[in-house]
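Enquirer: Next come a sequence and a model predicted from it.
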Amino acid sequence: MTGQSSSQKVGDAQYAVSVTDNTQAETMQCTPTCSTNGTHSDGYTGAFEGPEKLLEMWFAPTCSAAICADPGAELCDEDQDQWSELRSGLRLVPRAVWRDMLDLVHCQVLSTLCNEHLDSYLLSESSFFVYPHKLVLKTCGTTTLLYAIPRILEIAHRYLGATCAYQVFYSRKNFMFPDQQEELHRSWEKEVAYLDTHFPEGSAYMIGKTNRDHWHVYLCGPYETSLPGMLDDDTTANNSAEGSPLVHALSRTSSRSTVHSLIESSGVGSSVPHAPSDTTVEILMTGLDPDRMRAMYMGGASSLEGSLGGKAVERATGIAAIYPDSASDSYLFTPCGFSLNGLQGDGYYTIHVTPEPHCSYASFETTVSSDSAIDLNSAGGVKNLVEQVAAVFGPRSLTVTVFRARGDTVSILAGSELSVDVDGVGKNSVMAKTALLSAATDEDTVPPAFAPVVGYKTVDRVLYEFDHYWLRYAYYVKAD
């Protein structure tokens, strides 16, 4: 693509975008090549594979535990912005290094959006998010996402000193056109075999009906250590709030016996730090309403390719109203297709749309609980979100997954620092112990069932209880 570079600021975020002028309206019909974004999908005929491959790799349990281990790491001019002084951990990796990694996946960076907590990259095929301690890479089409794993491990070793991943998640919906994928991604069995070579203790699952839409997920970890200073058996080293054995274990489990044992046996006094909630909601949609999808074609909501066209789509479709207080970075493709990354606080959301009628697909993923109306930890909040998203796309069917950490530390740590002086005999020590035990027990309960979604009937429901996460899965079809 040809275009001019520019910088824009939206809300509390700043981003760089590539804008391509296009003043001629395109007819809204499917073309033989469903993606002309100059990447791996060039020449891909017949249909475009919308369902994404999603990889999430953690190298520490919290942001502040991820300290850059490369003394020579410096941000170059390209990486300088208003958040430069706040970057740490993986956010100090130069953008050129990330682009090199993305070449292995066959993706290109279209634009970036940043705030004080994380960096997002809008890709030619989906999205990439970088926190100090973890990254999330989501790619569609015939991209080769898993081939990035060795390179990501090398980058984490250089910049964090990580000896391994702290925990890993890989997931995807069943493909529409599996035979079109590169060899590695043509079957779930091949993907799992490849993942097992890097993560021997990983576990693979297929969730949902084998003869209908279903979802694959691979989990690994969390492990005891991955970074220098994170504790294994040595309880005398690194007893800061982030590195203490108590806090490290609280991030990994909320078992009453584990918490009780740590409080009773630890000889370390520490303040429990704040940690963000770890809840992710995905809404994956097929059979999109053709009338609603007209906005996703060049000449529909806009005749401008790129970020200007993307903003027009946000306004025309109601997408902008889902998280009105967020900063967003969106892109309208030629001849059709739409992508968006949004940031709000320490959370992100992302949308990707393939509007062609014979392969229509849209994904919506979020970690943002904006208010009581969209509370990702409540059935009502998830219902409100699903109905709002479904109203934008009008899908015939949709899959909803809610992934939530067990014993989420957000409630344990809420609003104040609890001093855990295990050798103390005062009232504060007893109250701290009681609060920790109570919060851990209360939080580790079965998440509420999905509420009915207006206009849809539930075809499939699954609840998984993993060692460290809860997963709720539901599949809906449009009611007659």
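Expert: Received the coordinates, thanks. Numbering: from 1, shown residues only.
Enquirer: Residue 478: how many residues sit nearby?
Expert: 16 (other Cβ atoms under 10 Å). For glycine as for every other residue, the C-beta is placed from the backbone atoms N, C-alpha and C.
Enquirer: For the closest residue to residue 459 other than its chain neighbours, give me phi and psi.
Expert: Leaving aside its chain neighbours, residue 459 sits nearest to residue 475 (4.9 Å; criterion: Cβ to Cβ, 6 or more residues apart in numbering). Dihedral pair for residue 475: phi -120, psi 130, per degrees, to the nearest 10.
Enquirer: residues near residue 475, how many?
Expert: Counted by other Cβ under 10 Å, the residues lying close to residue 475 total 23.
Enquirer: so who does it touch?
Expert: Going by Cβ atoms under 8 Å, 6 or more residues apart in numbering, residue 475 touches 208, 209, 212, 213, 397, 398, 399, 400, 458, 459, 460, 461.
Enquirer: switch to 10 Å and redo it
Expert: When the contact criterion is Cβ atoms under 10 Å, 6 or more residues apart in numbering, the partners of residue 475 are 207-209, 212-215, 284, 397-401, 456, 458-462.
Enquirer: Mind giving me the ChimeraX command for buried ones among the residues you listed?
Expert: Remark: buried members of the contacts of residue 475, expressed as a ChimeraX selection using 16 or more other Cβ atoms under 10 Å:
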select :207,208,213,214,215,284,397,398,399,400,401,456,460,462
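Enquirer: Tell me which entries of the contacts of residue 475 lie within strands.
Expert: 207-208, 214-215, 284, 397-401, 456, 458-462 (DSSP state E).
Enquirer: Domain-wise, how is this protein divided?
Expert: Domain ranges of the chain: 48-230, 245-275+408-443, 276-405+455-480, per automatic domain parsing.
Enquirer: Between all of the ones in strands among the contacts of residue 475, which two are at the greatest distance?
Expert: Spanning the widest gap among those are 207 and 456, at 18.7 Å by Cβ to Cβ.
Enquirer: can you pull out the helices in this structure?
Expert: For the chain, helices defined by DSSP state H occupy the ranges 95-105, 149-160, 188-198, 245-250, 256-265, 290-293, 307-317, 379-393, 409-412, 427-443.
Enquirer: on contacts alone, who are the packing partners of the third one?
Expert: Spelled out, that is helix 188-198. Packing partners of helix 188-198 (3 or more Cβ pairs under 10 Å, 6 or more residues apart in numbering; DSSP states H and E): helix 149-160, strand 167-173, strand 203-208, strand 214-220.
Enquirer: remind me which residues of the stretch 101-250 of the chain are low pLDDT?
Expert: Along the stretch 101-250 of the chain, segments meeting pLDDT under 70 span 175-178, 225, 229-250.
Enquirer: Now with 80, please.
Expert: Residues of the stretch 101-250 of the chain that meet the criterion pLDDT under 80 lie in 140-142, 173-186, 208-214, 224-250.
Enquirer: how many neighbours does residue 104 have?
Expert: Residue 104 has 17 neighbours, counted by other Cβ under 10 Å.
Enquirer: Go ahead and confirm it touches residue 147.
Expert: Yes: counting by Cβ atoms under 10 Å, residue 147 is a contact partner of residue 104 at 5.0 Å.
Enquirer: Leaving out the residues flanking it, which one is nearest to residue 347?
Expert: residue 368 (3.7 Å).
Enquirer: so that neighbour makes contact with residue 327?
Expert: No: applying Cβ under 10 Å, one finds residue 368 not in contact with residue 327, separated by 11.3 Å.
Enquirer: For stretch 347-366, output the C-alpha coordinates as PDB.
Expert: The C-alpha trace of stretch 347-366 is given here as PDB (Å, rounded to 0.1, in the frame of the first residue of the first chain):
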ATOM      1  CA  GLY A 347      -7.700  -3.500  29.400                       C
ATOM      2  CA  TYR A 348      -8.000  -3.900  25.700                       C
ATOM      3  CA  TYR A 349     -10.700  -4.900  23.200                       C
ATOM      4  CA  THR A 350     -10.400  -5.900  19.600                       C
ATOM      5  CA  ILE A 351     -12.800  -6.400  16.600                       C
ATOM      6  CA  HIS A 352     -12.100  -8.100  13.300                       C
ATOM      7  CA  VAL A 353     -14.700  -8.500  10.500                       C
ATOM      8  CA  THR A 354     -14.700 -10.500   7.300                       C
ATOM      9  CA  PRO A 355     -18.000  -9.400   5.700                       C
ATOM     10  CA  GLU A 356     -18.200 -11.500   2.500                       C
ATOM     11  CA  PRO A 357     -21.600 -13.400   2.500                       C
ATOM     12  CA  HIS A 358     -20.200 -16.800   1.800                       C
ATOM     13  CA  CYS A 359     -17.500 -16.600   4.600                       C
ATOM     14  CA  SER A 360     -18.800 -13.900   6.900                       C
ATOM     15  CA  TYR A 361     -17.200 -13.800  10.300                       C
ATOM     16  CA  ALA A 362     -16.600 -11.300  13.100                       C
ATOM     17  CA  SER A 363     -14.800 -11.600  16.400                       C
ATOM     18  CA  PHE A 364     -15.000  -9.400  19.500                       C
ATOM     19  CA  GLU A 365     -12.600  -9.900  22.300                       C
ATOM     20  CA  THR A 366     -12.300  -7.800  25.500                       C
END
